[in-house]
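Asker: pasted the sequence and its predicted model underneath.
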Amino acid sequence: AQKVTQAQTEISVVEKEDVTLDCVYETRDTTYYLFWYKQPPSGELVFLIRRNSFDEQNEISGRYSWNFQKSTSSFNFTITASQVVDSAVYFCAWTGTASKLTFGTGTRLQVTL
Amino acid sequence: KAGVTQTPRYLIKTRGQQVTLSCSPISGHRSVSWYQQTPGQGLQFLFEYFSETQRNKGNFPGRFSGRQFSNSRSEMNVSTLELGDSALYLCASSNGQVAILDYGYTFGSGTRLTVV
């Protein structure tokens, strides 16, 4: 069965620090998608990035960057120069061809001044 | 384009009652999925509807049911409510086609259900 593990329950950083959120997944599927979502206190899950299993190209988008490594089944997410507005719960998620998301347990990020 | 709309935003029900939640997906999306979020169990998949047919189902009791209408709007129903059904219920809209480049899920703001 597929599984997504976010070992970090909570991370606290001071504004302007860089922070990396870890995600490890388990699957036997060869075709799958990985996602990162942000959940602010309002509750809505905000889409951040999607990667499919055939695209290991890592990407930087503004202050966000992602590191997808199939060899270690990891899909880590880094925020550079964190800001207070980045405070939220971040979820890593997996889906294959069955049209359902399997979520990790989430990492709560607290950014303070 | 308009996002995913879930109504109502908050709901308080009494144990034993039933409840219906509504979700309107993004225009053109044919897939609607439902998820339950609780502090203890996290985010769990309930079911997915695609073109009015249930295409996938999670491990929830039969008290949880849903349907999708021809305009892709979806409703979720929970009968005989239990205290443990208190949760944030999130709806996700998708084009439903895995091979499409922009395949992904857009979530609504959720309905927070409290059972007392």
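Answerer: Right, received. Where do you want to start?

Asker: how near is A:Y25 to A:A88?
Answerer: 21 Å (C-beta to C-beta, to the nearest Å). Every C-beta, even on glycine, is put in place using the N, C-alpha and C of the backbone.

Asker: over to B:R55?
Answerer: 30 Å.

Asker: show me which residues of chain A sit near chain B.
Answerer: Counting by C-beta under 8 Å from any C-beta of the partner chain, chain A comes close to chain B at A:31, A:33, A:35, A:37, A:42-47, A:50, A:91, A:97-106.

Asker: out of these, which are buried?
Answerer: The neighbour count (16 or more other C-beta atoms under 10 Å in any protein chain shown) marks A:33, A:35, A:37, A:43-45, A:50, A:91, A:99-106 as buried among these.

Asker: looking at those residues, which is nearest B:R63?
Answerer: A:K100 (19.6 Å; C-beta to C-beta).

Asker: residue contacts, that closest one?
Answerer: Each residue near A:K100 by C-beta atoms under 8 Å, 6 or more residues apart in numbering or on different chains is listed here: B:33, B:45, B:48, B:56, B:58.

Asker: for chain B, just list every one of the strands.
Answerer: Here chain B has its strands, by DSSP state E, at B:5-7, B:10-13, B:19-24, B:31-38, B:42-50, B:53-57, B:64-68, B:74-78, B:87-94, B:106-107, B:111-115.

Asker: between the longest one and strand B:19-24, how many degrees?
Answerer: Same thing as strand B:42-50. Between strand B:42-50 and strand B:19-24, the angle comes out at 70 degrees (axes from the mean of the first three to the mean of the last three C-alpha atoms, to 10 degrees).

Asker: show me what strand B:42-50 is packed up against.
Answerer: strand A:102-103, strand B:31-38, strand B:53-57, strand B:64-68 (3 or more C-beta pairs under 8 Å, 6 or more residues apart in numbering or on different chains; DSSP states H and E).

Asker: quick one, which of the ones you listed is packed in tightest?
Answerer: Among these, the stretch with the highest mean neighbour count (mean count of other C-beta atoms under 10 Å in any protein chain shown) is strand B:31-38, at a mean of 23.

Asker: strand partners (parallel or antiparallel) of that strand?
Answerer: strand B:42-50 (antiparallel), strand B:87-94 (antiparallel) (DSSP bridges).

Asker: please identify the most buried of those strands.
Answerer: Most buried of those by mean neighbour count (mean count of other C-beta under 10 Å) is strand B:87-94; its value is a mean of 24.

Asker: could I get that strand in CSV with only the CA atoms?
Answerer: The C-alpha trace of strand B:87-94 is given here as CSV (Å, rounded to 0.1, in the frame of the first residue of the first chain):
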residue,chain,number,x,y,z
ALA,B,87,-14.3,17.0,11.4
LEU,B,88,-13.3,19.4,8.6
TYR,B,89,-14.7,18.0,5.3
LEU,B,90,-12.8,19.1,2.3
CYS,B,91,-13.9,18.8,-1.3
ALA,B,92,-11.4,18.6,-4.2
SER,B,93,-12.1,19.4,-7.8
SER,B,94,-10.1,17.9,-10.7
